[in-house]
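Participant: only the shape, not the letters, is given here:
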């Protein structure tokens, strides 16, 4: 065997045998799973607690969270208040002083891979 190929194989084996990010990313890192919770119905002006604590990483790594607005009424007036508070947290809050159906997404990450988005529908009624 060529000496340079031998050294390359030794280096590759050392990298793969350690618990480094490259090994975790390519070999053992499964995509985390986002769980945005059950759909909810609230009255106008009522805060909704968004709870992503059902999300998990198959390898047990700590997760980062991000809540996104995805869909909602097209005719929301400019002066309406519609927002997600603490959108980078496991537990966030959604608020709307305008009625309609709002779809929010939760994506979680383990630092290497992002989950597929999970959606929650919030119905805000008068």
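Facilitator: Nice, I can see it. Predicted, not measured: the structure shown is a model, and the values here were computed from it.

Participant: now for the helix or strand hosting residue 68, which elements pack on it?
Facilitator: If you go by DSSP states H and E, residue 68 is part of strand 64-71. With contacts defined as 3 or more CB pairs under 8 Å, 6 or more residues apart in numbering; DSSP states H and E, the secondary structure elements packing on strand 64-71 are strand 82-85, strand 91-96, strand 100-109. All C-beta atoms are positioned from the backbone trio N, CA, C, and that covers glycine.

Participant: could you dump those to a markdown table with distance to residue 49, mean pLDDT and mean neighbour count?
Facilitator: Shown next, in a markdown table, are the helices and strands packed on strand 64-71 (distance: least, CB to CB, whole Å; pLDDT from 0 to 100; neighbours: other CB atoms under 10 Å):
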| stretch | distance to residue 49 | mean pLDDT | mean neighbour count |
| --- | --- | --- | --- |
| strand 82-85 | 10 | 96 | 15 |
| strand 91-96 | 6 | 97 | 18 |
| strand 100-109 | 12 | 97 | 20 |
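
Participant: nearest to residue 75, of those?
Facilitator: Across those, residue 75 has its closest neighbour in strand 100-109 (8.4 Å, CB to CB).

Participant: name the helices or strands packed onto that closest one?
Facilitator: Other elements packing on strand 100-109 under the criterion 3+ CB pairs under 8 Å, 6+ apart are strand 64-71, strand 91-96, strand 118-125.

Participant: columns distance to residue 50 on top of the ones you listed, output as CSV?
Facilitator: Supplementary listing: the helices and strands packed on strand 100-109 in CSV, determined by distance: least, CB to CB, whole Å:
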stretch, distance to residue 50
strand 64-71, 6
strand 91-96, 4
strand 118-125, 7
